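**Student:** my questions are about this predicted structure, shown below with the sequence.
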Amino acid sequence: GENVEQHPSTLSVQEGDSAVIKCTYSDSASNYFPWYKQELGKRPQLIIDIRSNVGEKKDQRIAVTLNKTAKHFSLHITETQPEDSAVYFCAAKVDDYKLSFGAGTTVTVRA
Amino acid sequence: NAGVMQNPRHLVRRRGQEARLRCSPMKGHSHVYWYRQLPEEGLKFMVYLQKENIIDESGMPKERFSAEFPKEGPSILRIQQVVRGDSAAYFCASSPIRGPLPNTEAFFGQGTRLTVV
């Protein structure tokens, strides 16, 4: 089955700096890669997603890049703010309906 | 549109009791997915159901766990004879077609946090 690995597990950045989270996947058939933000005690919420026919997608301060050949994708958050502090999960879609998640990255933005 | 509704939000059970978790999908959605999140881990797929059918239960533990999605009413995830290791957050998601919809923030419900004491 699909195996998604995510790094780093924790990330501390100064407010205003950028944060980058990287994920790799194993199943070359995966074609949809969402990123979720989860605040303590709450549900994961989709923040950005990318399909396999696109190399990069941007939404304000958030961007995702995908390298299909290398089977890795990354989340970039620029100009970080304290409200960006949360756990971020990458995922890859398998078998048309199943999401395989990374283990998560705890991001802390220092004021 | 109220989104995916799960209840209860918090559930405490003693070891050996049964836990019943409910998930009402968004209106018009006939595909339901259950995921489990152990403390400080990512979500793990458990089961995928359509109305009255289990499509994929490859992520369900072989014993004590069962799921259903009847013609009428919510989807139910049932855990019999709970053990401490069942303590986790259980998230339900729904969609009108097979698979997660892109750009859909409210894919997951708020979750049920099960604590086994």
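**Tutor:** Everything's here; your move.

**Student:** pLDDT at the residue of chain A found nearest chain B, what is it?
**Tutor:** With Cβ to the nearest Cβ as the measure, A:F101 is the residue of chain A nearest to chain B, at 3.6 Å. Heads up, the C-betas are built off the backbone N, CA and C, glycines and all. Looking at A:F101, its pLDDT is 94.

**Student:** who are the contact partners of the residue nearest to it when sequence neighbours are not counted?
**Tutor:** In space, and not counting its chain neighbours, A:F101 is closest to B:G42: 3.6 Å by Cβ to Cβ, 6 or more residues apart in numbering or on different chains. Taking Cβ atoms under 8 Å, 6 or more residues apart in numbering or on different chains as the criterion, B:G42 is in contact with A:4, A:6, A:89, A:91, A:101-104.

**Student:** ok, now how distant is B:E40 from chain A?
**Tutor:** 8 Å (Cβ to the nearest Cβ, to the nearest Å).

**Student:** okay, now that residue: neighbour count?
**Tutor:** With neighbours defined by other Cβ atoms under 10 Å in any protein chain shown, the count for B:E40 comes to 10.

**Student:** and the pLDDT for the spatially closest residue to it that is not a sequence neighbour?
**Tutor:** In space, and not counting its chain neighbours, B:E40 is closest to A:G104: 7.6 Å by Cβ to Cβ, 6+ apart. Predicted confidence (pLDDT) for A:G104: 96.
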